[in-house]
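Novice: starting from these lines, generate the structure:
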Amino acid sequence: MQIRLASLSIHYPPLLHEWDTRLLALSVQPPARQISHLQRRTSRSPSILFFNFRSGRATTQRMGQPYTIYFAGELFSLKHLLGNSVLAEQIHLVSDNRYRCVVPQDLEQRETDPISIRDQDLLHVISCDVGLFHFDGPELDSGTVVEYMISKMLDIPSVIIRTDFRLGGDSRLDPWNLMCSGYPRTKVLLLDAMASYQEQLRKGGLQPSDAAHGATKTFATDIVSALDQVRSMKPHLPPELRESVYRWACLFPGSSFARALSEGALQEILSSKIGRGLL
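Specialist: Residues are numbered from 1 along each chain as shown. The predicted model follows:
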């Protein structure tokens with residue numbers, strides 16, 4: 001799959017083409033380093049966000065049936081990339097296409113500057129219907145924590161998953177810093193990846209890769225059930241504050257982000273979430 005924006009060619013893997021989620025691309029900046037216009041395009045996907053770098057604002061296309069998941073977590077090594085890809089695929093399969101993941105590793109553009117990458121990810125956080133946040137490691141990934149807190153500010157239904165059996169943090173409830181716990185419309189899944197993998201490995205002499213896939217499918221089933229639960233929770237954000245809160249979310253990251261998201265795009269995001277009972 002290839003998309004041409006301005007003078008740039010952006011290549012996406014076939015798996016992303018199969019999933020085409022609400023926000024498809026915020027790409028590399030031209031010399032002026034300005035995030036630019038998002039144009040409506042016809043697509044079979046739920047909705048796509050396109051940037052052509054030439055005139056400064058954004059629009060979105062109304063999404064289709066699947067709920068989009070912002071899939072947050074580490075993406076810095078091969079094992080992260082493999083694990084994220086397999087889990088995202090299993091969520092798609094287990095949910096019978098009810099959920100589709102927006103996986104940042106499929107969207108990252110390393111050639112651009114750090115603020116543009118940040119803006120790209122925040123656009124996806126704001127626009128997606130629900131969030132899945134991986135809280136693994138003795139210390140949580142700082143970028144994932146930022147994305148999680150923004151999702152809570154916007155009252156986005158969220159699932160936190162931890163598959164790391166190690167303990168950490170200072171909370172009596174969760175194995176991480178207590179400041180990351182206790183927020184509304186959130187479900188926490190504490191799963192033991194090692195135990196699940198070993199259990200799968202003992203089943204009929206499975207190969208290690210098959211055991212890993214089996215454990216991932218089991219976790220995907222738990223995640224889909226948790227996503228259904230948080231989606232059904234009553235919105236916590238009062239209706240009279242919706243627009244103000246979302247407008248502030250577009251302003252507080254700074255002028256580059258405020259330029260990236262047009263008034264029309266913001267209104268469509270709000271309308272979509274309200275129409276689906278998410279706000």
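Novice: okay, which residue is most central for this structure?
Specialist: For the chain, residue 70 is the residue whose C-alpha lies nearest the centre (C-alpha atoms, centre = their mean; 1.3 Å).
Novice: and that one, that one's in a helix?
Specialist: No. Residue 70 is assigned strand when assessed by DSSP: H, G, I helix; E, B strand; the rest coil, not a helix.
Novice: and the pLDDT at the nearest residue to it once chain neighbours are set aside?
Specialist: Leaving aside its sequence neighbours, residue 70 sits nearest to residue 128 (C-beta to C-beta, 6 or more residues apart in numbering; 4.0 Å). In short, each C-beta sits where N, CA and C put it, glycine included. At residue 128, the model reports a pLDDT of 97.
Novice: from residue 272, how far out is residue 128?
Specialist: Per C-beta to C-beta, to the nearest Å, residue 128 is found 10 Å from residue 272.
Novice: what about the two, which has more around it?
Specialist: Taking neighbours as other C-beta atoms under 10 Å, residue 128 and residue 272 compare with residue 128 leading, 27 against 20.
Novice: looking at it, the more buried one is touching residue 100, isn't it?
Specialist: No. Applying C-beta atoms under 8 Å, one finds residue 128 not in contact with residue 100, separated by 9.6 Å.
Novice: next, count neighbours for residue 221.
Specialist: Neighbour count of residue 221, defined by other C-beta under 10 Å: 14.
Novice: list the contacts of it.
Specialist: Counting by C-beta atoms under 8 Å, 6 or more residues apart in numbering, residue 221 touches residue 94.
Novice: what helix or strand is it located in?
Specialist: In the assignment (DSSP states H and E), residue 221 maps to helix 208-232.
Novice: for that helix, buried residues please.
Specialist: 211-220, 223-224, 226-228, 230-231 (16 or more other C-beta atoms under 10 Å).
Novice: what do you get for stretch 196-204?
Specialist: For stretch 196-204, burial by neighbour count (16+ other C-beta under 10 Å) applies to 196-197, 200-201.
Novice: just name the closest of those residues to residue 266, please.
Specialist: Nearest to residue 266 among the buried residues of stretch 196-204 is residue 196, at 40.8 Å by C-beta to C-beta.
Novice: doesn't the closest one belong to a helix?
Specialist: Yes. Counting by three-state DSSP, residue 196 falls inside a helix.
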